[in-house]
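Participant: make a model of this:
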Amino acid sequence: MEHVATPSWAMLAYLVSGILFILALRGLSSPATSRTGNRFGMTGMTIAVVTTLVTHVPLKSFQDFGGHGFIARLNTVTLLEILAAIAIGGAIGWVTARRIKMTDMPQLVAAFHSLVGLAAVLVGWAAYLNPQAFGIAGPDGAIEAQSRIEMGLGIAIGAITFSGSVIAFLKLAGKMSGAPIMLPGRHVINLGTLVAILGLVAYFTQDQGLWVIATVTALSFAIGFLLIIPIGGADMPVVVSMLNSYSGWAAAAMGFTLHNTAMIITGALVGSSGAILSYIMCKAMNRGFLSVIAGGFGADAGGGPGGGAAREQRPWKRGSAEDAAFIMKEAENVIIIPGYGMAVAQAQHVLREMADQLKKHGVTVKYAIHPVAGRMPGHMNVLLAEAQVPYDEVFELEDINGEFAQCDVAFIIGANDVVNPAAKTDKSSPIYGMPVFDVEKAKTIFFVKRSMGGVGYAGVDNDVFYMDQTMMLLADAKKMVEDINKALAD
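Facilitator: Predicted structure coming up:
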């Protein structure tokens, strides 16, 4: 589409969209306001899209192919094509959102990030192949130097986002091992590739040859794979938020190329918020951001589902639903720690029912949520909100960790790494240094998991299994909690 001056009313509309996007981020910071935040975001995006269509795709009479007539034809016919694309994409998104399981939400988010990255690459290439239509060509027909930088960076970041998100999707979906895949000399390869990409983007300002932009694209796709493959499964929540940040910066760079204020604002908001979230999560794991990118958890140990070295046989105690119901009913307070196993079993609804029954017996019930529980940021919060768990009963690690010393029962359902004391004591452990819940201080621990043979996503054993105050409740999480509810009702 031909670059045209943006009218003042459109700039005002983009400003309103930007404000709505900021309100959306603010709303999404809490489960209590997340619905409102989503509505703000959808409204802002609707305003931005409609404004862009009105200002950049004017209805003109049909003209012949060639020259400005071809552009005019695009401006006429493309409007219908755009509306059709919006309808098709919206329908696919609607059906996907309605059918997707909450356990599959992390990989869905990763898949969406890959599409954002791929879109940035395609837009960049379209602008490169037809700079006149995008309004970035100088008088001599060559692409302006500033636009070349924006285009090169947008394509590079988009390609990295796409290929990195594909690997994240495959790991989260269990289609490839969650264990880190360590390539020989990976740091030298990664650093060299990144330097080459930046060097070529700089050279692109002097030579807009096809080989330059094609090489930037190919190397960027490659570095996306190389960056994510060495990252272990325990770091996946950080990877998801990091890729979210990348997708934002790719969109912002393309916004500059397209001279679209809304894209710049939206991309900057997504990029900066994703970067801040990644920093917060790295801090929650006591990790440096660069160490995560370099292959944080699991760099020296096998991670991923079902990983881990063979373990020595140690005595442990098995409990029953009746044991759990009797002890929790007599307790003064119970702290529930949910994890990905709860999500897999879809046990959040019956878990809330258990909490409701305990509260009828005068038991104080709280939920403890670790920042990296699950497979994406806020995964457990979303599940509990879906089950209509009161927001004032849900606490973050730093707000509730000091209460375990006075806790009668710690009820762990599907969590493992976030309650593993090896993070505090074992320097050889791949999770060493990550802040975890002090569940070992509770008087009684009920640990719900399918079997003693499994380990957490980081692939390490858990000393909590073998503690004197621990009873292992071995069963599907939903079935176990249903049995506990029946015992509480008797």
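Participant: so which residues of the stretch 351-490 of the chain form helices?
Facilitator: In order along the chain, the stretch 351-490 of the chain carries the following helices (DSSP state H, counting those that start in this stretch): 379-386, 397-400, 422-425, 477-489.
Participant: residue 471 versus residue 326, what's the distance?
Facilitator: Computed with Cβ to Cβ, to the nearest Å, the distance linking residue 326 and residue 471 is 11 Å. Where you see a C-beta, it was placed from the backbone N, CA and C, and this is true even at glycine.
Participant: quick check: neighbours shared by these two?
Facilitator: Listed contacts common to residue 326 and residue 471 are nil; contacts here mean Cβ atoms under 8 Å, 6 or more residues apart in numbering.
Participant: okay, domains of this protein per the record?
Facilitator: The record, using automatic domain parsing to delimit domains, assigns the chain the ranges 107-299, 321-489.
Participant: only the buried residues of stretch 211-218, if you could.
Facilitator: For stretch 211-218, a neighbour-count test (16 or more other Cβ atoms under 10 Å) marks 212-213, 215-217 as buried.
Participant: beyond the helix or strand of the chain with the lowest mean pLDDT, next helix or strand please.
Facilitator: Counting by mean pLDDT, DSSP states H and E, the weakest-scoring helix or strand in the chain turns out to be helix 289-293, with a mean of 66. Going down the chain from helix 289-293, the next helix or strand is helix 321-330, by DSSP states H and E.
Participant: just checking, what packs against that next one?
Facilitator: For helix 321-330, the contact count by 3 or more Cβ pairs under 8 Å, 6 or more residues apart in numbering; DSSP states H and E identifies strand 409-413, strand 444-449, strand 470-474, helix 477-489 as packing neighbours.
Participant: make a markdown table out of the domains of the chain and add distance to residue 11.
Facilitator: Formatted as a markdown table, the entries for these read as follows, by distance: least, Cβ to Cβ, whole Å:
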| stretch | distance to residue 11 |
| --- | --- |
| domain 107-299 | 7 |
| domain 321-489 | 33 |
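Participant: mean pLDDT for those: which is lowest?
Facilitator: Ranked by mean pLDDT, the domains of the chain end with domain 107-299 in last place, scoring a mean of 84.
Participant: I figured residue 172 hits residue 108, correct?
Facilitator: No - under the criterion of Cβ atoms under 8 Å, residue 172 makes no contact with residue 108, lying 9.1 Å away.
Participant: which residues touch residue 99?
Facilitator: Contacts for residue 99 were tallied using Cβ under 8 Å, 6+ apart; there are none.
Participant: and what of residue 389?
Facilitator: Going by Cβ under 8 Å, 6+ apart, the list of residues near residue 389 reads 348, 352, 355, 367.
Participant: please redo it, this time with the cut-off set to 10 Å
Facilitator: With contacts defined as Cβ atoms under 10 Å, 6 or more residues apart in numbering, the neighbours of residue 389 are 31, 336, 338, 348-349, 351-352, 355-356, 365, 367, 381, 383.
Participant: ok, now how distant is it from residue 315?
Facilitator: Distance of residue 389 to residue 315, computed by Cβ to Cβ: 35 Å.
Participant: ok, now residue 351?
Facilitator: Using Cβ to Cβ, which is the criterion applied here, residue 351 is 29 Å from residue 315.
Participant: neighbour count: the two, which is higher?
Facilitator: In this view residue 351 and residue 315 are compared by other Cβ atoms under 10 Å, and residue 351 has more residues nearby, 28 against 6.
Participant: what's near enough to touch the residue lying closest to the more buried one once chain neighbours are set aside?
Facilitator: For residue 351, ignoring the flanking residues on the chain, the nearest one in space by Cβ to Cβ, 6 or more residues apart in numbering is residue 481 at 5.5 Å. Contacts here follow Cβ under 10 Å, 6+ apart; on that basis residue 481 touches 321, 324, 342, 345, 347-355, 411, 413, 448, 473, 475.
Participant: switch the cut-off to 8 Å
Facilitator: Per Cβ under 8 Å, 6+ apart, neighbours of residue 481: 347, 350-351, 353-354, 413, 448.
Participant: neighbours around residue 101, how many?
Facilitator: For residue 101, the count of nearby residues is 10 (other Cβ under 10 Å).
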